[in-house]
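Peer 1: Predicted coordinates and the sequence they were generated for:
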Amino acid sequence: MISTFLFKRVEQSLKIILAFIVLLTILLPQTVLAAENNRIEGVIMKDPGSDLWRNIRQRDFAITGTTQMKAPDANILINVAGEFWRQYRTMDLIPLAGSAIFLALVGVFLFRILRGKIMLAAGRSGKKVLRFTLNQRFAHWSTAILFITLTLTGLVLMFGRNLLIPVFGAEGFGTLAMVAKVMHDYLGPVFAVSLVCLFVLFVNGNQISLKRDLEWLLKGGGLFGKHVSADCYNAGEKGWFWIATLVGGTIVVSGLVLDFPIFGQTRATMEFYLVIHGIAAVVMIVASFGHIYMGTAAIEATFEVMQTGYCDSNWAKEHHDRWYQKKLDEGKEVSAGAMDSETPGTVSSASEQSS
Amino acid sequence: MARMKFYCDAERCIECNACVTACKNEHEIPWGVNRRRVVTIKDGMVGERSISVACMHCSDAPCAAVCPVDCFYTRDDGVVLHDKDICIGCGYCFYACPFGAPQFPEAAAFSSRGKMDKCTFCAGGPEIDHSSDEYKKYGRNRLAEGKLPLCAEMCSTKALLAGDANVLSDIYRKRVINRGASAFSWGVAFDKARLDV
Amino acid sequence: MSKLIRKSSQVKIVPGDTGKMAGQAISRRMFLKSSGLVAGGAALATGVAPVMMKKAEAAMAPGVQPERIKTICTHCAVGCGIIAEVQNGVWTGQEPAFDHPFSRGAHCAKGAAIREHGHGERRLKYPTKLVDGKWKRVSWEQAINEIGDKMLEIRKTSGPDSVYWLGSAKFSNEQAYLFRKMAGMWGTNNVDHQARICHSTTVAGVANTWGYGAMTNSMNDIHNAKAIMLIGSNPAEAHPVALLHIFKAKEENNAPMIVIDPRFTRTAAHANQYLKIRPGTDVPIIWGMLWHIIENSWEDKEYIRQRVYGFDDVKKEVAKWTPAEVERVSGVPEVQVYAAAKAMAHNRPSTIIWCMGGTQHTIGNNNTRAYCAFQLALGNIGVAGGGANIFRGHDNVQGATDLGVLSNTLPGYYGLKVGSWKHWARVWELDYEWIKGQFDSGSYEQSKGKDVHVMNTKGIPVSRWIDGVLEDKANIAQKDNIRAMVFWGHAPNSQTRGAEQKKAMEKLDLLVIVDPYPTASAVMHDRTDGVYLLPACTQMETYGSVTASNRSLQWRSKVIEPLFESLPDQTIMFKLAKKLGISDPLFKNIKVNGEEPLVEDVLREINRGMWTIGYTGQSPERLKKHQENWGTFDFTSLKAEGGPADGDSYGLPWPSWGTPEMNHPGTPLLYDTSKSVAEGGLTFRARFGVERNGVNLLAEGSYSKDSEIKDGYPEFSDKMLKKLGWWDDLTAAEKSAAEGRNWKTDLSGGIQRVAIKHGCSPFGNAKARVNVWTFPDPIPIHREPLYTSRRDLVEKYPTYEDRKSFWRLPTRYKSIQAVDYSKDYPIILTSGRLVEYEGGGEETRSNAWLAELQQDMFVEMHPRDANNAGVKDGDDVWVEGAEKSRVKVKVMVTRRVGAGVAFMPFHWAGVFQGKDLRHKYPEGSAPYIVGEAANTAMTYGYDSVTQMQESKCSLCRITKA
């Protein structure tokens, strides 16, 4: 795996610096302290431990040995990647993720203020077009619920120490975090399954068409001006689909490695996947804000599409004109009344009944 | 107040694992959890040295820094402890610890590790001293009985020392002066022998 | 700064024991529940006996102050002190015994885990017999009755010699003594124990050099050493606490530490000089060092003149061992040999430490005598900081040896002569003729043309019991083959020739195993009946005295009551003796409470009889006093300064001359002439006569402090006292007891008292001899092992001729060495110990805290051999011994061993030639860890004097499994 390779390279180059930092941060305070204490007695003396560990570091950097313990990594004397993990988590991940999520929320808010709610230019027609089958909707909503749950539980674990302990107290938060961790660990694999279903059910129509998608993007998706012509999914929606697939896939894979520490994963492996998992999750969360806003409150008559499976024909005309045209050609426009008779079934049977 | 420290004299440690079993004995540690372990470097070669490692009760403990639930605390005497009622068993502390000290009773699917367990410097935990809860969760509280960690007290060659950093420094200094060598004299002895000829 | 999240108010650290709260006993259950073993389903879920349960619950009562009991570790002969904390009969805690004179609170992995034995789920829980291949629980009465009946039947048809009494170094002194006495009452000398395969060559070699076959100094005395040489000894694994003392000398005296070993051991890692020899070349390396010493005139000439006989003969032999020849044979270059010799010679007093690496050879007695000669040349014997510090193995192997659990002697090394038996008959107050009548009346050996009674014939040694069963009846010097074996605390996997041992077990009529654990004896054979397992309790569940490696007797207190249905060994001996109809003579002067003989009475009887080695002063009262006040003894000299035991040496290291009333302080250093005998000084023993071929064997101008005889003198007797005019120093009662007796047989102790009063050693004052003219090789010489890969050396250093009847059995040497096995079996195979396990390992592999640390049986292989065999670290391999038995083990590729040498630890059992025997253990008693026994692949080969087994150099081939 290239990423592993890269990580190894990074790890190697960081090794010496890191070890130095580790030892310095751990031992310097002790040394100072010991020296402090000794000064009182009139003798300057070092903590013997610091000498020992400095020697271990300086002599051939022999940090791996043998031991009678069977646990993974038990034979490693100093875990050099540990300090990297600590720095990453406390100095990078938590502040940066916090900022990113905060900025994304601000962005959505600003967008709402600037653009307001986007109304259907022609109003509702009352005629419906089947846009999502029951299976698609089922997959979408289970994924969505799982995603939100995992996001919330994940965020609890990431920010809870800073944000929630003051609210719930250490023990209260401990319980909450335990619940969050268990949910996160058990729902993660379920999310993996639903994400695969989602991909299978939605990949059709989400294939990237360079010319049209580029055009759509160049015109800003028609947000500020004339609508841009689009197929079943516009480039924005396709972008989300592919983010969900690729970034989500990354989250799933890294998550599974972390969730099943039964294959003797070493600390370095776990740390690597934790880094990946964290970054990917933050990217996905930030991206999801756009999707959630666009899919719920941003545009008139959008939310109901994933609710019912049907979209208003005017909505279809405005946002997905080429797809609507195709549906029209197939004669798949239905009146509002016919919709109620839809019963759960296969995609084809549902459309046959309704036509 | 005294600062409690461990120090393992690599010149004396013979990897007899008494510290490991003493710890198991004192705290009834289950199979698979090792609050203390002995690592031998350059095993079987000139310069072979063994070191007994457990939680070093760091001043700026990385485990505490990364804990998502902030379950660690440092006592006035420098002993780093944690609260198992709060611990969620995420494993972050194990990834951060330079010494591999945090242990987990299991490594099962769905990241089930159980509550983290680590060396307490034989100082129990946040429960009431000598309570049955404290014993079950953290093991015996020897410090509160005026005793030091059993691993060090039972060390076969007195390689592993535990206690006030000042006292340790004193012992260490005497030993170094006696030996006239560094704390970790890889193979030095053999070179000396050759020069002797 | 840190925040405080303590749930309790901060409790101040107060010195002193505030006691431990309840919950520990229940946490024992918790441990079992939460144990990964249970989770993993690895067969831990066996029932806990109701007895245990009750106790565990009892201990839960809150606020119980623990009782602190002092006792001694049962693992090795260092003899570390233990403080056990007991609540309501449950062993709940273990504290370091900081004031113990040997250990100062220190323990190795085994000692630090010893409390586990007090809980032992994997124990043998009740008497069990094998019926149609299935284990069946029986009552004690039924078991004893059936065993007794079978034994008596065998006695009737085949004679008493067909029952073999295999005792144990795990016995207390009192149990060891009773066991030997019981075998005598039964009427056989077929009684032996582990010392045979441990230090028998040391005992024979050393005793024949200067009188006593024991460690001359003590581990504490190593503090005084200026140089330390360890050969064939790895205390870092076998005697870890000994290194506490060695490191003290190394650091504080700047004493060079020299390790001679085929393996770069954990001990070697801390040495200043390391000499990697080829296995089995101890004599060449020692003579090689002595060559440099003589070459440079570093030997102590005055000492040799005064106190050593036969040194010129040694010089002649040493002259052959030029540096080039030493390197050719042992593989060690001159520069290293020279440096080691120089270090030992220039830093006197220097001490030598040896263990199994030197003793377990066909020439083991040569090796031990070569070490002695080396130390004598440097004048190191009888001085503080010097000596031959022979580390014994099991906790009481010294005591069990002293008390004669051996096929060649009665207690106290009295031998088996008519006089020896008569002495003990007087001590036992039994009719000598009755004892004689118990034995087989035939004669199978001749001495000086006269028939020797079976009673005076050495029995079959434990190393050869297999041949006692399998050998053709016509070739054995006794009436019939061995038909019943009693394994009373013995692990068969510590013995070589596993496959033949299995065959022998299957041929027996009766197999009785008395042990706290089933041991491999219960499972390695394919018998379907005739096997009885009797649960003995551990030494923590009874009490008595135990002799440490340095000859100190320590008192063990009972920590807990026997677990399950187990009984103390002395009780089982009483039951069995009663059944066999010998309990009356056996316990004539010993009080029996119910069925348990009074241990103190047994020790008192020992005190009345063991004059030879001074086991006479160590009364139970004195030993208990030492235990109670062990903190008053000095860490280096072991002498109490002040306190109730003022002036005594800790544990009254034997010889503690005379009666207990004489208050002899014990002898911390043997042959130390700088002290008077009354204070523990000594001379070399006059054991071998007064002159030989016109040369004086007595000391010349050397005598112990305050001696009234300023020269050598023979051993004391009534005649000598009269000659010296000291006879009237005896009281009237003493005179009547001493008339016609000598220092060994005077039951009043008067002769010893008077000799010591005049500053003399009761056993005389002679020279040590480095020429043991009674041995096959009077001067130690090198002989190649039977299975050697150095065929080029066989002609120059051949082994012995085969022997027809040696310890009742034909014994092979040359006929094996004549065949070249090195083509098929190119790798030298050696064996040794690990720190986590002990001996056969059954006890320690059943201790979860220890078993977790060593889970796989392995063989150490050099990278070169591993590459040649195409195996990688962690692979499974077959190690096939030269006699075609093979074991399947994991490979550890390491540079600890040299190229061409492989090493296996010998503690495993429960897998036999690839077959897992775990299911054959009685339910719930299989140890946590099973593995192949290294000795299954080990081959034939026995010492030329003592029948010590050769388990340190054989040949093997290693192939991928």
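Peer 2: Cool, got the structure.
Peer 1: Now for the residue of the stretch 51-200 of chain A found nearest chain C: which residues touch it?
Peer 2: Distances between the stretch 51-200 of chain A and chain C by Cβ to the nearest Cβ are smallest at A:Q68, namely 4.3 Å. Every C-beta, even on glycine, is put in place using the N, C-alpha and C of the backbone. A:Q68 makes contacts with B:N17, B:V20, B:R37, B:V38, C:E836, C:L853, C:Q854, as judged by Cβ atoms under 8 Å, 6 or more residues apart in numbering or on different chains.
Peer 1: make it 10 Å
Peer 2: Taking Cβ atoms under 10 Å, 6 or more residues apart in numbering or on different chains, we find A:Q68 in contact with A:74-75, B:15, B:17, B:20, B:34, B:37-40, C:109, C:834-836, C:852-855.
Peer 1: Ok, C:K710 next?
Peer 2: C:G701, C:S702, C:Y703, C:G759, C:N765.
Peer 1: Show me how to select, in ChimeraX, the buried members of the residues you listed.
Peer 2: The command below creates a ChimeraX selection of those among the contacts of C:K710 that count as buried (16 or more other Cβ atoms under 10 Å in any protein chain shown):
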select /C:702,703,759,765
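Peer 1: so how far is A:T67 from the residue of chain C found nearest chain A?
Peer 2: In chain C, the residue that lies nearest chain A is C:L853 (4.3 Å; Cβ to the nearest Cβ). Look at C:L853 and A:T67: by Cβ to Cβ, to the nearest Å, they are 9 Å apart.
Peer 1: Give me the common contacts of those two.
Peer 2: Taking Cβ under 10 Å, 6+ apart as the criterion, C:L853 and A:T67 both touch B:N17, B:V20, B:N34, B:R37, B:V38.
Peer 1: how many other residues sit next to residue 117?
Peer 2: In the absence of a named chain, chain A is used. With neighbours defined by other Cβ atoms under 10 Å in any protein chain shown, the count for A:K117 comes to 9.
Peer 1: hm, I was asking about chain B
Peer 2: 25.
Peer 1: OK, contacts around it?
Peer 2: By Cβ under 10 Å, 6+ apart, the contact list for B:D117 reads B:27, B:29-30, B:33-35, B:82, B:84, B:87, B:89, B:101-105, B:137-139.
Peer 1: per-residue pLDDT, it?
Peer 2: On pLDDT, B:D117 comes in at 96.
Peer 1: if I look at it, how far off is B:N34?
Peer 2: Counting by Cβ to Cβ - B:D117 and B:N34 are separated by 10 Å.
Peer 1: repeat for C:V523
Peer 2: 30 Å.
Peer 1: out of these two, which sits in the busier spot?
Peer 2: Between C:V523 and B:N34, B:N34 has the larger neighbour count (other Cβ under 10 Å), namely 27 against 24.
Peer 1: burial count for C:A732?
Peer 2: Applying other Cβ under 10 Å, we find 7 residues neighbouring C:A732.
Peer 1: Any idea which residue is closest to the centre of the chain?
Peer 2: In the absence of a named chain, this looks at chain A. When Cα atoms, centre = their mean is applied to chain A, the residue found nearest the centroid is A:A281 (2.3 Å).
Peer 1: right idea, wrong chain: chain C
Peer 2: Central residue of chain C (Cα atoms, centre = their mean): C:V397, 3.2 Å from the mean position.
Peer 1: re the thing from before, check the residue of chain C closest to chain A and give its pLDDT.
Peer 2: We have a pLDDT of 95 for C:L853.
Peer 1: show me what contacts it?
Peer 2: Shown in contact with C:L853 (Cβ under 10 Å, 6+ apart): A:67-70, B:17, B:20-21, B:24, B:34, B:37-38, C:109, C:113, C:834-837, C:844, C:847, C:929.
Peer 1: re earlier: residues in contact with both of B:D117 and B:N34, list them for me.
Peer 2: Both B:D117 and B:N34 are contacted by B:A101, B:Q103, under the criterion Cβ under 10 Å, 6+ apart.
Peer 1: Does C:A400 touch C:L406 like I think?
Peer 2: Yes: contact criterion Cβ atoms under 10 Å: C:A400 and C:L406 qualify, at 8.4 Å.
Peer 1: what's the overlap in contacts for the two?
Peer 2: Shared contacts of C:A400 and C:L406 (Cβ under 10 Å, 6+ apart): C:G167, C:R180, C:H193, C:A195.
Peer 1: What about the last one, how many residues nearby?
Peer 2: So the one you mean is C:A195. The number of residues packed near C:A195 is 29, by other Cβ under 10 Å.
Peer 1: just checking, it is part of a strand?
Peer 2: No: assessed with DSSP: H, G, I helix; E, B strand; the rest coil, C:A195 is helix; it does not lie in a strand.
Peer 1: so which strand or helix has the nearest residue to it once chain neighbours are set aside?
Peer 2: Closest residue to C:A195 apart from its sequence neighbours, by Cβ to Cβ, 6 or more residues apart in numbering or on different chains: C:T401 at 4.4 Å. In the assignment (DSSP states H and E), C:T401 maps to helix C:397-402.
Peer 1: other SSEs contacting that helix?
Peer 2: Applying 3 or more Cβ pairs under 10 Å, 6 or more residues apart in numbering or on different chains; DSSP states H and E, one finds that helix C:397-402 contacts helix C:173-186, helix C:200-210, strand C:544-547, strand C:553-556.
Peer 1: CSV for those, including mean pLDDT, mean neighbour count and distance to chain A?
Peer 2: As requested, the helices and strands packed on helix C:397-402 are exported to CSV (pLDDT from 0 to 100; neighbours: other Cβ atoms under 10 Å in any protein chain shown; distance: least, Cβ to the nearest Cβ, whole Å):
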stretch, mean pLDDT, mean neighbour count, distance to chain A
helix C:173-186, 97, 27, 34
helix C:200-210, 96, 27, 31
strand C:544-547, 97, 29, 29
strand C:553-556, 97, 28, 29
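Peer 1: Which of those sits closest to chain B?
Peer 2: Of all the helices and strands packed on helix C:397-402, it is strand C:553-556 that lies closest to chain B, at 18.3 Å by Cβ to the nearest Cβ.
Peer 1: May I have the strands that pair with the closest one, each with its orientation?
Peer 2: Strand pairing for strand C:553-556, determined by DSSP bridges: strand C:544-547 (antiparallel).
Peer 1: from the chain's centre, how far out does the strand it pairs with sit?
Peer 2: Taking Cα atoms, centre = their mean, to the nearest Å, the mean C-alpha location of strand C:544-547 is offset from the chain mean by 14 Å.
Peer 1: check contacts around the closest residue to C:S583 other than its chain neighbours.
Peer 2: Distances taken as Cβ to Cβ, 6+ apart place C:A577 nearest to C:S583, at 4.0 Å, with adjacent residues excluded. The neighbours of C:A577, taking Cβ under 10 Å, 6+ apart as the test, are C:G148, C:L178, C:K181, C:M182, C:M185, C:W186, C:S583, C:D584, C:P585, C:L586, C:F587, C:P597.
Peer 1: tell me the pLDDT at the closest residue in space to C:M904 that isn't next to it in sequence?
Peer 2: Leaving aside its sequence neighbours, C:M904 sits nearest to C:A934 (Cβ to Cβ, 6+ apart; 3.7 Å). pLDDT for C:A934: 96.
Peer 1: Settle this for me: C:A934 is touching C:V889, isn't it.
Peer 2: Yes: in this structure C:A934 lies within contact range of C:V889 using Cβ under 10 Å: 8.2 Å.
Peer 1: what's the overlap in contacts for these two?
Peer 2: With Cβ under 10 Å, 6+ apart as the test, C:A934 and C:V889 both reach C:M857, C:F858, C:V859, C:V879, C:M904, C:P905, C:W908.
Peer 1: related to what we said a few turns ago, C:A400 and C:L406: who's more crowded?
Peer 2: C:A400 (32 against 28).
Peer 1: ok, back up a step: model confidence over the helix holding C:T401, on average?
Peer 2: Averaging pLDDT along helix C:397-402 gives 96.
Peer 1: Tell me where the stretch 651-800 of chain C has strands.
Peer 2: Along the stretch 651-800 of chain C, counting by DSSP state E, counting those that start in this stretch, strands occupy C:691-692, C:695-696, C:768-769.
Peer 1: That'll do, ta.
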